[in-house]
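1. coords below, sequence missing:
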Ligand code: HPA
């Protein structure tokens with residue numbers, strides 16, 4: 001069963017027919033929200049609101065381990081993560097949906113592994129290709145079917161937040177090869193890998209990253225793009241389920 005993790009602007013999926021909300025306990029603590037069981041486009045799916053429902057948790061306060069474990073426990077066999085990001089490369093303009101194929105982790109102090117419980121032998125998962133290729137292809141095929149611009153591929157730079165970056169930090173990320181920047185991609189992606197859950201991301205660009213335009217980045221600007229763009233994301237999820 002496919003699971004969706006909704007980020008900022010996607011606390012609920014429009015069109016999702018909810019049958020049950022279940023608080024799933026995990027040994028890692030409480031997930032951000034109940035796991036929602038429902039049907040989207042006639043298919044059974046799971047949904048979890050990353051920042052809580054209502055949105056109260058900042059990116060560094062999210063219990064990523066509990067979230068991924070709760071979805072697995074609830075029967076997820078793959079995870080599609082949705083997030084709002086800043087655009088670094090020219091192609092990642094506001095309103096564009098990016099399906100990244102790489103990630104760089106700049107976060108710190110987050111619980112980023114399930115394998116720190118004294119397991120022997122120690123576990124180091126392969127993470128060369130952080131996103132599941134077949135799942136990514138399904139996402140890209142779905143985006144082809146809905147209106148609006150998307151980019152197949154790119155590198156997601158995961159920053160600590162909750163503040164936005166400085167212009168110099170974005171210059172560094174750009175030199176590192178990042179094309180978009182967000183605060184929640186890690187450790188979520190690696191935890192899914194550790195639990196052997198195929199994972200792909202749909203990142204909606206909601207603002208130019210710091211220093212990319214000569215003005216302040218405002219929440220009002222971000223919210224306006226989110227409002228429009230998340231509708232398109234929901235359309236893509238329906239297209240994915242019906243193909
Ligand atoms: N930086 C980091 N995270 C973000 C941004 C950004 O510019 N926009 C939305 N999430």
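-> Noted; the coordinates are in hand. Everything quoted here is computed from the prediction, not taken from an experiment.
2. Name the helix or strand for the residue of the chain found nearest the ligand, please.
-> Proximity of the chain to the ligand (C-beta to the nearest ligand atom) peaks at residue 86, 2.3 Å away. Placement of C-beta: from N, CA and C, glycine included. Using DSSP states H and E, residue 86 maps to strand 78-87.
3. which residues touch whatever helix or strand comes next after that strand?
-> Sequence-wise, the next helix or strand downstream of strand 78-87 (DSSP H and E) is strand 97-99. Contacts of strand 97-99 with the rest of the structure, by C-beta atoms under 8 Å, 6 or more residues apart in numbering, involve 85, 92, 136, 139-140, 143, 148-154, 156, 179-180, 200-205, 229, 232-233, 236.
4. Counting by contacts, list what the host helix or strand of residue 66 packs against.
-> Under the criterion of DSSP H and E, residue 66 resides in helix 64-73. Under the contact criterion of 3 or more C-beta pairs under 8 Å, 6 or more residues apart in numbering; DSSP states H and E, helix 64-73 touches strand 2-6, strand 25-26, strand 29-30, strand 43-49, helix 185-194.
5. Highest mean neighbour count out of the ones you listed?
-> Highest mean neighbour count of the helices and strands packed on helix 64-73: strand 2-6, a mean of 26 (counted as mean count of other C-beta atoms under 10 Å).
6. pLDDT averaged over that strand - what is it?
-> When pLDDT is averaged along strand 2-6, the result is 97.
7. could you check the angle strand 43-49 makes with the next helix or strand after it?
-> Next helix or strand after strand 2-6 toward the C-terminus (DSSP H and E): strand 17-22. Strand 17-22 and strand 43-49 are oriented at 50 degrees to each other (axes from the mean of the first three to the mean of the last three C-alpha atoms, to 10 degrees).
8. could you check the angle helix 64-73 makes with strand 17-22?
-> 120 degrees.
9. who does strand 17-22 touch, helix- and strand-wise?
-> If you count contacts as 3+ C-beta pairs under 8 Å, 6+ apart, strand 17-22 packs onto strand 35-40.
10. Partner strands of the strand it packs on and their direction?
-> Strand 35-40 sits in its sheet next to strand 17-22 (antiparallel), strand 43-49 (antiparallel), going by DSSP bridges.
11. now these as CSV including distance to the ligand and mean pLDDT?
-> Listed next are the strands paired with strand 35-40 as CSV, based on distance: least, C-beta to the nearest ligand atom, whole Å; pLDDT from 0 to 100:
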stretch, distance to the ligand, mean pLDDT
strand 17-22, 27, 95
strand 43-49, 16, 97
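12. For the ones you listed, give me CSV that also has distance to residue 186.
-> Below are those laid out as CSV (distance: least, C-beta to C-beta, whole Å):
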stretch, distance to residue 186
strand 17-22, 27
strand 43-49, 17
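13. Let's test this: mean pLDDT of the helix holding residue 66, rounded?
-> Helix 64-73 carries an average pLDDT of 98.
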